[in-house]
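*Asks:* could you look at this predicted model? Sequence included:
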Amino acid sequence: MRELGTLDARLSVNPKDADALVARAEILRNLRQFTLALADANAALAINDKSAAAHFEAAQDLEGLDRQKEALLHAGIATELDPHNSNIWFFRGVLERQRADFAGAVASQTRSIEINESLIALNEREQCERRIGKTAEADADLRRIQQLAPQK
């Protein structure tokens, strides 16, 4: 809550601080206040529609509101604006999987993994590959997951 107060103070000084709006939206989303978070993300987009962070935040807020089609639109714009952000590509892939676009999800997770290999993206890609019959690729991902997974 202290962070919200700090961001509110920043916004009272400069209501057009898009970064503060995005940061506040993220906090609100983490508090599961998706409608309020989306309002801040949209306000940030009204100030700077080329902000990948604002589009990414809007995508996450919309997903929280079960509006996956709109979320995917914003995630797509975010990946165009910031093509080197593995988190955005990962989230786009999750949205594509939710909409049963498994080939798109594989492509997005592949891009995420190329930027920054992660177990969660490998898991997502492996599941999607199996859904579209790419078992050899899925098996290769599973082997890589086993290599990277912490040993118990």
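*Replies:* Thanks, I have the structure now.
*Asks:* using the three-state scheme, assign the spatially most central residue of the chain.
*Replies:* Central residue of the chain (CA atoms, centre = their mean): Phe91, 3.4 Å from the mean position. Secondary structure for Phe91, judged by DSSP: H, G, I helix; E, B strand; the rest coil, is helix.
*Asks:* how about Cys128?
*Replies:* From three-state DSSP, the assignment for Cys128 is helix.
*Asks:* picking up where we left off before, just checking, the residue nearest to the centre of the chain touches Gln60?
*Replies:* Yes: using CB atoms under 8 Å, Phe91 is in contact with Gln60, at 6.8 Å. C-betas here are computed from N, CA, C, even on glycine.
*Asks:* can you give me the helices in the protein?
*Replies:* 2-13, 18-30, 34-47, 52-64, 68-81, 86-98, 102-115, 119-131, 135-148 (DSSP state H).
*Asks:* so what's the residue count around Trp107?
*Replies:* One thing to correct before we go on: residue 107 is Ala, not Trp. When neighbours are counted by other CB atoms under 10 Å, Ala107 registers 17.
*Asks:* what sits against it?
*Replies:* Gly93 (CB atoms under 8 Å, 6 or more residues apart in numbering).
*Asks:* per-residue pLDDT, it?
*Replies:* You'll see Ala107 listed with a pLDDT of 98.
*Asks:* try Ser118
*Replies:* The predicted local confidence for Ser118 is 95.
*Asks:* and it, what does it touch?
*Replies:* 86, 90, 112.
*Asks:* show me the shaky parts of the chain.
*Replies:* 1, 152 (pLDDT under 70).
*Asks:* now with 80?
*Replies:* Scanning the chain for pLDDT under 80 picks out 1, 8, 150-152.
*Asks:* domains of this protein: list them as residue ranges, please.
*Replies:* The chain breaks down by automatic domain parsing into domains covering 1-82, 84-152.
*Asks:* okay, buried residues for stretch 138-145 please.
*Replies:* 138, 141-142, 144 (16 or more other CB atoms under 10 Å).
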